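K.L.:
predicted model and sequence below, questions to follow.
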Amino acid sequence: MFEAKIEAKNWKNVISVIGSIIEEAPLKLTPDGLTLRAMDPSHISLIDLELPKDQFIEYSIDQERVVGIDVDEMSRVMGRSKPTDIMIIRADEDANKLFITFVGESKRRFGLPIIDTPEQSKLKMPNFPTSAIVGIDASVFKDGIKDASIVADHITLEAMEGAFVMRAEGDIGDIESNIEEDTLVEFKLQEPCKSTFNLSYLADVSGSITGPITLELGSDSPLLMNFEMGGATIKFVLAPRIER
């Protein structure tokens, strides 16, 4: 048996980030909280999420289990929540359903089927070289992403002495956003580095983030984004685009 209570808006924010990357989510329910680690269908990106027990209003579980959900269907249900609703999540394995109840001006219950998801318990967070750590406000990062999308479908992120640069170039022109070190939340540089990434993945995952984002960068290496959303700690890994 698993049952938990949380503010609906928090879970809605978490699902919005998950749904931008993966189609099916293997939610691992443990006595310490909820975790998820999964790759997108193209295996270009990975998302790792931890939502601790103490972020729930109530949390009850008899044994560890993995519950698979269709993220799109969950997003549709969350779209029916109201900002002040309290949400109750209950896993009923006899009925093979995850029941979502919104408690507010009325009590509304939705039942979603528990689905089989690929076994990802052995999926590890990749290790890769990091030459720079950049802490940046989400609004500034999203501005750079939106600017780049005007001219290209990819973006180069570069850390250099005294600044973090977001650069894109396409057939119709080029853009460059230069964020100086003293305006960043955090800036640690071991050596200058840059990598190029698919723009759509960064646009999708950053769309609903507020607050600070921490970027770990290397040269032609994967990007690791760290941020918090709805009480959850989220890590997002994106493989670089290597020019041939």
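P.N.:
Okay, I see it. Keep in mind that this is a model prediction, so the values were computed, not measured.
K.L.:
any figure for the gap between residue 104 and residue 8?
P.N.:
8 Å (C-beta to C-beta, to the nearest Å). (Glycine included, C-beta is placed from N, CA and C.)
K.L.:
compare these two and say which is more crowded by neighbours.
P.N.:
Neighbour comparison, residue 104 and residue 8: the larger count goes to residue 8, with 23 against 14 (by other C-beta atoms under 10 Å).
K.L.:
I'd guessed that one sits against residue 88; true?
P.N.:
No. When contacts are counted by C-beta atoms under 8 Å, residue 8 is not listed as touching residue 88 (9.5 Å).
K.L.:
related to what we said a few turns ago, list residues touching both of residue 104 and residue 8?
P.N.:
Common contact partners of residue 104 and residue 8 (C-beta atoms under 8 Å, 6 or more residues apart in numbering): 82, 85, 86.
K.L.:
TSV for these, including neighbour count, secondary structure and pLDDT?
P.N.:
Shown next, in TSV, are those (neighbours: other C-beta atoms under 10 Å; DSSP: H, G, I helix; E, B strand; the rest coil; pLDDT from 0 to 100):
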residue	neighbour count	secondary structure	pLDDT
82	12	coil	94
85	22	coil	97
86	17	strand	98
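K.L.:
nearest to residue 71, of those residues?
P.N.:
Nearest to residue 71 among the shared contacts of residue 104 and residue 8 is residue 85, at 19.6 Å by C-beta to C-beta.
K.L.:
tell me the backbone dihedrals of residue 192, please.
P.N.:
With angles defined as degrees, to the nearest 10, residue 192 sits at phi -60, psi 140.
K.L.:
wait, isn't it in contact with residue 159?
P.N.:
Yes. Between residue 192 and residue 159 there is a contact under C-beta under 8 Å: 6.5 Å.
K.L.:
the spatially most central residue of the chain and residue 64, how far apart?
P.N.:
Note on the chain: the residue nearest the mean C-alpha position is residue 17, at 4.5 Å, using C-alpha atoms, centre = their mean. Plainly put, residue 17 is 24 Å away from residue 64 if you go by C-beta to C-beta.
K.L.:
count of neighbours near residue 100?
P.N.:
Neighbours of residue 100 (other C-beta under 10 Å): 21.
K.L.:
neighbouring strands - and their directions - for the host helix or strand of residue 28?
P.N.:
Following DSSP states H and E, one finds residue 28 within strand 24-30. Applying DSSP bridges to the sheet, strand 24-30 is found paired with strand 33-39 (antiparallel), strand 65-70 (antiparallel).
K.L.:
ranges for the helices of the chain?
P.N.:
Taking DSSP state H as the test, the helices found in the chain are 8-19, 71-78, 138-149, 199-206.
K.L.:
now those as TSV including mean pLDDT?
P.N.:
Shown next, in TSV, are the helices of the chain (pLDDT from 0 to 100):
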stretch	mean pLDDT
helix 8-19	92
helix 71-78	94
helix 138-149	96
helix 199-206	93
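K.L.:
still on that earlier bit, hey, which of the strands paired with strand 24-30 is tucked in deepest?
P.N.:
Each of these was scored by mean neighbour count; the highest is strand 33-39, a mean of 20, by mean count of other C-beta atoms under 10 Å.
K.L.:
keeping just the C-alphas, turn it into PDB.
P.N.:
Output of strand 33-39 as PDB, limited to C-alpha atoms (Å, rounded to 0.1, in the frame of the first residue of the first chain):
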ATOM      1  CA  GLY A  33      10.400   9.300  -0.700                       C
ATOM      2  CA  LEU A  34       9.900   9.100  -4.500                       C
ATOM      3  CA  THR A  35      12.700   8.800  -7.000                       C
ATOM      4  CA  LEU A  36      12.900   8.500 -10.800                       C
ATOM      5  CA  ARG A  37      15.700   7.900 -13.200                       C
ATOM      6  CA  ALA A  38      15.000   7.500 -16.900                       C
ATOM      7  CA  MET A  39      16.400   8.200 -20.400                       C
END
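K.L.:
much appreciated, bye for now.
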